[in-house]
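A.B. asks: curious how this folds, go ahead:
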Amino acid sequence: MTKNRISPETLMLSLGYNAEAHQGAVKCPIFQTSTFSFRTAEEGKAFFQLAYGLRDKRPDEQFGMIYSRVNNPNLDLAEKRLAAWENADDAALFSSGMAAISSLVFTFLKPGGLLLYGAPVYGGTDHFFNHVLPCFNIQVLRFSSSDGFYDIVNMVNEHSSGTLPGLIFTEIPGNPTNSLIDIQMCRQLAEHFSVGGERPILAVDNTFLGPVFQKPLSHGADISVYSATKFIGGHSDLLAGACLGNSKLIGQLKTMRTFLGSMLDPNSSWLILRSLETLKIRMAHQAESALVVASFIKHHPMVRCIHYLGFLSKEQSDYELFKRQCGSPGSVFSFEIDGDEKMAFRFLDNLQHFKLAVSLGSTESLAEHPATMTHVDVSSEDRAAFGINERLIRLSIGLENPKDLIDDLLKAFDAAQKG
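C.D. replies: Numbering: from 1, shown residues only. I've put the predicted structure just below:
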């Protein structure tokens, strides 16, 4: 991975853009074009050879613009700046988080292959893995945060019919209960399942904490995956996904993206550039507010338990892992309300400052009911195993004054109880 001497938050204002080349415009203009002209036919040939992966890029050779399904100045600049957050060689932006995940899977797994994934994951990811991939003759096995290295090895040996994983995928922290899985242990699994010098690709969905508070590449992951709709976009006004990693792997992903047509459009890329400039201060403020809110409701009589990483104690098994792997508890947590689904719904229906909506990591605070919303399609057995029950409510803390959010929650608790 490349090393940047300048901090990422500074690079978000300058990396890759020359104002003098664009009539002094301080911000990069939007390149609203489908195609780009070549100076010569020979240049066009060279650009297409690189785009189709027919040869390696020569030293100091620039990947020229061809067509906005392949590349675009806004897309290229947003990818450069996003990669800087994890000191990655490169990044690939997609039209959504699920576009990033599906492109990742179809790049590194073929029919007959095996996906090994850590659960729980986002409900859409769970559906794609368990209901779509089998249609493409891709075998799927899952493990959880309670499984150790040898538990997982034995499971693969017992259930994989001799096929070794080609891709190991995990979401950390797990959605919606903030469960933790050791990235370094996952890397050890990848090494264990290596054959002939080839090992499984290790990909980590880093949406909840990254790229500010957790950097999977530094812990052994090959690719960091994001729903960039969330904190990276951060304003609930775009859909995007991303993968970060070394040049070779991201190059393979970009080749697949070209033919799936899952690239991010110029306008959304421009919005990502806008959002990256405030990413760190937004995430830091949201995390500070989340601590205030979680600390207040922790002892409320209607809160049975709370899944917030900031409350891990030294006696808990995840404490050391959290300290080693995460830079902050983040601003997304869940709790169980004392009651049933009707009680949870009454609580949600009486929120005012919190928007009753899925997604997370945006400027506004959001609340949802995972069991009937984001994770409704997860099997009832898996929901029970991972604590995604009818009492569970997930909160994403935004940029509002935390005192106002606490007041909102207290009123909703009171209304739910009276109802």
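A.B. asks: wait, what's in contact with residue 13?
C.D. replies: Listed by CB atoms under 8 Å, 6 or more residues apart in numbering, the contact set of residue 13 reads residue 277. Bear in mind the C-beta positions are built from the backbone N, C-alpha and C, glycine included.
A.B. asks: and residue 283, by the same measure?
C.D. replies: If you count contacts by CB under 8 Å, 6+ apart, residue 283 has them with 212, 213, 231, 328, 330, 331, 361.
A.B. asks: run the chain-centre distance for the one helix or strand it maps to.
C.D. replies: Secondary-structure element containing residue 283, defined by DSSP states H and E: helix 279-297. Its chain's C-alpha centre lies 19 Å from the corresponding centre of helix 279-297 when counted by CA atoms, centre = their mean, to the nearest Å.
A.B. asks: and the next helix or strand past the helix or strand of the chain with the lowest mean pLDDT?
C.D. replies: Sorted by mean pLDDT, DSSP states H and E, the helices and strands of the chain end with helix 41-51, the least confident at a mean of 91. Next helix or strand after helix 41-51 toward the C-terminus (DSSP H and E): helix 73-84.
A.B. asks: dump that next one to CSV, keeping only the CA atoms.
C.D. replies: Once non-C-alpha atoms are left out, helix 73-84 reads as follows in CSV (Å, rounded to 0.1, in the frame of the first residue of the first chain):
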residue,chain,number,x,y,z
PRO,A,73,-12.6,12.7,-14.1
ASN,A,74,-15.1,13.0,-11.2
LEU,A,75,-15.0,9.3,-10.6
ASP,A,76,-11.3,9.1,-10.9
LEU,A,77,-10.7,12.0,-8.5
ALA,A,78,-13.2,10.7,-5.9
GLU,A,79,-11.5,7.3,-6.0
LYS,A,80,-8.1,8.8,-5.5
ARG,A,81,-9.2,10.7,-2.4
LEU,A,82,-11.2,7.9,-0.9
ALA,A,83,-8.2,5.5,-1.2
ALA,A,84,-6.1,8.0,0.8
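A.B. asks: for the closest residue to residue 284 other than its chain neighbours, which residues are in contact?
C.D. replies: Beyond its immediate neighbours in the sequence, the residue positioned closest to residue 284 (CB to CB, 6 or more residues apart in numbering) is residue 212, lying 7.4 Å away. Shown here is residue 212, whose contacts under the criterion CB under 8 Å, 6+ apart are 85, 231, 279, 280, 283, 284, 327, 328.
A.B. asks: equivalent analysis for residue 408, please.
C.D. replies: The neighbours of residue 408, taking CB under 8 Å, 6+ apart as the test, are 351, 352, 353, 354.
A.B. asks: secondary structure element for it?
C.D. replies: Counting by DSSP H and E, the element that carries residue 408 is helix 402-418.
A.B. asks: that helix vs helix 279-297, what angle?
C.D. replies: Helix 402-418 and helix 279-297 meet at an angle of 40 degrees, taking axes from the mean of the first three to the mean of the last three CA atoms, to 10 degrees as the criterion.
A.B. asks: can you give me how far helix 402-418 is from the chain middle?
C.D. replies: A distance of 30 Å separates the C-alpha centroid of helix 402-418 from that of its chain, computed with CA atoms, centre = their mean.
A.B. asks: next one: stretch 386-403
C.D. replies: Relative to its chain's centre, stretch 386-403 lies at 18 Å (CA atoms, centre = their mean).
A.B. asks: ok, and for it, which residues are buried?
C.D. replies: Applying a neighbour-count criterion of 16 or more other CB atoms under 10 Å, one finds 386-388, 390-400, 402 buried in stretch 386-403.
A.B. asks: quote the end-to-end distance of that stretch.
C.D. replies: For stretch 386-403, the first and last residues are 31 Å from each other (CA to CA, to the nearest Å).
A.B. asks: begin at 443 from here
C.D. replies: Will do, 443 is the new start, and the previous item becomes stretch 828-845.
A.B. asks: returning to what we had before: pLDDT on the helix holding residue 725, on average?
C.D. replies: Per-residue confidence for helix 721-739 averages out to 98 on the pLDDT scale.
A.B. asks: one more: stretch 508-525?
C.D. replies: 96.
A.B. asks: surely residue 835 touches residue 811?
C.D. replies: Yes. Shown here, residue 835 and residue 811 form a contact pair, counting by CB atoms under 8 Å, at 6.1 Å.
A.B. asks: between those two, which contacts overlap?
C.D. replies: Common contacts of residue 835 and residue 811, defined by CB under 8 Å, 6+ apart, comprise 786, 790.
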